[in-house]
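> Structure of the sequence below:
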Amino acid sequence: MGYLKGFIVTLGKLFKRTESGRVVTTQYPDEKRSKPERFHGRHVLNRYEDGMEKCIGCELCAGVCPARCIHVRGADNSLDDPVSPGERYGYVYEINYLRCIHCDLCVEACPTEAITESKLFEFSFTNRSDAIYTKEELVVADDGHPQKLSWEDWRAGDDKHTSAWMRATSSSGRADYEGQVGWSGELGYGIRSPEKGQKDR
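Alright, predicted model coming up:
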């Protein structure tokens, strides 16, 4: 009899409507619920508007990661053909998504706003090696937008309002910086606007 009661509850919720008359149940995967602006999903390695990589290979993101899922190795920049504006760049950058808990601490630790999190959270790996994203898969394409891999289900808006966008609107949590754009532009997006309710300096 316990199972029957459970099914009755499920059937009752299936057709339940909100006060606005909308059905609560979402027809997933054809229909997807909207994600919050600060949603943490798949990481992206960003580039400056001139195309240079933001990552300087400092390994702070790997050091702060509680799941120990990030592996970074820096290398010295070539004087003739530098990869990033600094002395070093991220030569190796890997994230193991079998371990990542999407806590966003790597984004907070990054001094150059190189690593951010998109809203993409749906992965369908067929083997374990696909779950370890390399730098080539994480760095944005030439148009500045994240690379879309075959096992990812990207939807419109998944690359908007990344975690760096929300983080930098109030630097270090100080109210003095509220509403000020204090971060660099990104390839493909330029300088992102402040959060809703805030204004430019």
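
> Surely residue 92 and residue 136 touch.
No - assessed by C-beta atoms under 8 Å, residue 92 is found out of contact with residue 136, at 10.7 Å. Placement of C-beta: from N, CA and C, glycine included.

> Please pull out the lowest mean pLDDT helix or strand from this structure.
With mean pLDDT, DSSP states H and E as the measure, the helix or strand of the chain carrying the lowest mean pLDDT is helix 163-167 (a mean of 55).

> A helix includes residue 3, no?
Yes - under DSSP: H, G, I helix; E, B strand; the rest coil, residue 3 sits within a helix.

> who does the spatially most central residue of the chain bridge with?
In the chain, the centroid-proximal residue (C-alpha atoms, centre = their mean) is residue 117; its distance is 1.1 Å. Following DSSP bridges, residue 117 is listed with bridge partners residue 43.

> got a list of what it touches?
40, 41, 42, 43, 44, 102, 104, 107, 162, 163 (C-beta atoms under 8 Å, 6 or more residues apart in numbering).

> any idea which of those is closest to residue 145?
Minimum distance to residue 145 across the contacts of residue 117 is 9.0 Å, recorded for residue 44 (C-beta to C-beta).

> and residue 92 and residue 136? which has more neighbours close in?
residue 92 (12 against 9; other C-beta atoms under 10 Å).

> The more buried one and residue 34: what is the separation?
Counting by C-beta to C-beta, to the nearest Å, the gap between residue 92 and residue 34 amounts to 36 Å.

> which SS state does residue 112 fall under?
Under three-state DSSP, residue 112 falls in the coil class.

> Same check on residue 7?
Following three-state DSSP, the label given to residue 7 is helix.

> Quick check: residue 191 touching residue 185?
Yes - between residue 191 and residue 185 there is a contact at 4.5 Å, judged by C-beta under 8 Å.

> Between these two, which is the more surrounded one?
Here residue 191 and residue 185 are compared on neighbour count by other C-beta under 10 Å; more neighbours surround residue 185, at 15 against 12.

> and the more buried one, what does it touch?
Neighbouring residues of residue 185 by C-beta under 8 Å, 6+ apart: 48, 49, 191.

> Okay, the closest residue to residue 60 other than its chain neighbours and residue 41: tell me how far apart.
Using C-beta to C-beta, 6 or more residues apart in numbering and skipping the chain neighbours, the partner closest in space to residue 60 is residue 109 (4.4 Å). Distance, residue 109 to residue 41, using C-beta to C-beta: 18 Å.
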